[in-house]
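Peer 1: Predicted model, plus sequence, below.
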Amino acid sequence: MALRSLPSQPRSQCLQASSSRPRTVAAVSAAKAALQSACALACSATILLAPNVAVADDNPYREGLQPVQLGATADGTIRSCPGNVNPNCVSTANTNELYAPAWRSDVRTAKEAAEELERTVLASYEEWELARAETVPAGEYRAWLVPSAFGKDVVEFLIKEEPPSTRNPDAPREGAFVTYRSLAGSVKYIWPIQQPITDGGAQKTRLSALREKLGWRVIGCEYIECFE
């Protein structure tokens with residue numbers, strides 16, 4: 001029986017096939033190099049973006065979730081409003097639209113004024129919870145938690161005694177100097193604009209009503225309305 005021979009490829013095709021292998025290896029090497037370059041760029045991008053990620057953690061919306069810090073500052077003053085985080089706030093320490101004027105009590109010492117403040121709150125606002133009462137170097141500090149649509153609002157006071165007049169030391173001193181801050185206990189936003197929801201001026205209304213019950217006046221105002 002005659003044997004049939006297998007058809008052989010032309011020599012030109014064999015040479016073409018053999019020459020294509022080095023190019024395939026070269027392509028693989030090039031791909032590896034490109035992948036390594038991409039990894040290097042990705043790592044560099046991660047390092048460069050790391051500081052931005054840290055800054056993003058300090059955005060106002062995340063800060064709005066943090067609990068309100070109570071107490072006077074290290075300088076012995078009431079704290080200002082975190083306007084970039086919580087616009088539903090008024091404070092005697094602010095200098096913008098969140099500012100509210102300080103009060104003058106009808107008693108001279110900070111201790112007496114603080115006691116009168118506590119009695120008035122207890123008699124008129126049973127739902128207010130006294131969160132802190134302490135004597136600090138700057139005067140008398142009091143803070144209450146007040147139920148509201150935003151959780152528990154914070155109302156705090158730092159009452160100081162006025163020093164004697166340098167021009168007339170024997171002159172009778174005025175009543176205690178009353179500074180304060182009142183702010184919503186949380187911040188709520190309209191989705192997706194991230195616009196804070198206003199409380200309709202509840203902080204100012206609350207403090208105005210309390211001042212009227214106390215009979216204390218607004219500093220810098222000499223009209224009869226200052227006592228009403």
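Peer 2: Structure's in. What do you need?
Peer 1: lowest-pLDDT helix or strand in this protein?
Peer 2: The helix or strand of the chain with the poorest confidence is helix 11-56; it has a mean of 46 (mean pLDDT, DSSP states H and E).
Peer 1: and stretch 180-193, average pLDDT?
Peer 2: The average pLDDT for stretch 180-193 rounds to 85.
Peer 1: same question, stretch 160-173
Peer 2: Here the average pLDDT along stretch 160-173 is 69.
Peer 1: quick check: domain ranges of the chain?
Peer 2: For the chain, automatic domain parsing gives the domain ranges 12-57, 67-227.
Peer 1: Tell me where this structure has strands.
Peer 2: 89-91, 103-104, 129-136, 139-148, 151-160, 177-183, 189-190, 195-196, 217-218 (DSSP state E).
Peer 1: Mean neighbour count added to these, as JSON lines?
Peer 2: Yep, even glycine has a C-beta here, placed from its N, CA and C like the rest. Compiled in JSON lines, the strands of the chain are given as follows (neighbours: other Cβ atoms under 10 Å):
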{"stretch": "strand 89-91", "mean neighbour count": "23"}
{"stretch": "strand 103-104", "mean neighbour count": "22"}
{"stretch": "strand 129-136", "mean neighbour count": "12"}
{"stretch": "strand 139-148", "mean neighbour count": "20"}
{"stretch": "strand 151-160", "mean neighbour count": "22"}
{"stretch": "strand 177-183", "mean neighbour count": "24"}
{"stretch": "strand 189-190", "mean neighbour count": "11"}
{"stretch": "strand 195-196", "mean neighbour count": "14"}
{"stretch": "strand 217-218", "mean neighbour count": "20"}
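Peer 1: To V121, which of the ones you listed lies closest?
Peer 2: strand 139-148 (6.5 Å; Cβ to Cβ).
Peer 1: For that closest one, name the packing helices and strands.
Peer 2: helix 110-124, strand 129-136, strand 151-160 (3 or more Cβ pairs under 8 Å, 6 or more residues apart in numbering; DSSP states H and E).
Peer 1: contact partners of that strand?
Peer 2: Residues from elsewhere that reach strand 139-148 (Cβ atoms under 8 Å, 6 or more residues apart in numbering): 70-72, 76, 110-111, 113-114, 117-118, 121, 125, 127-135, 152-161, 176, 184-185, 199, 202, 206.
Peer 1: could you dump it to PDB, C-alpha only?
Peer 2: Included here for strand 139-148 are C-alpha records, laid out as PDB according to Å, rounded to 0.1, in the frame of the first residue of the first chain:
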ATOM      1  CA  GLY A 139     -18.000  84.000  85.500                       C
ATOM      2  CA  GLU A 140     -21.000  81.700  85.700                       C
ATOM      3  CA  TYR A 141     -21.800  79.200  83.000                       C
ATOM      4  CA  ARG A 142     -25.200  77.500  82.400                       C
ATOM      5  CA  ALA A 143     -26.300  75.300  79.600                       C
ATOM      6  CA  TRP A 144     -29.700  73.700  78.800                       C
ATOM      7  CA  LEU A 145     -30.900  71.100  76.300                       C
ATOM      8  CA  VAL A 146     -34.200  72.100  74.700                       C
ATOM      9  CA  PRO A 147     -36.500  69.700  72.800                       C
ATOM     10  CA  SER A 148     -37.200  70.900  69.200                       C
END
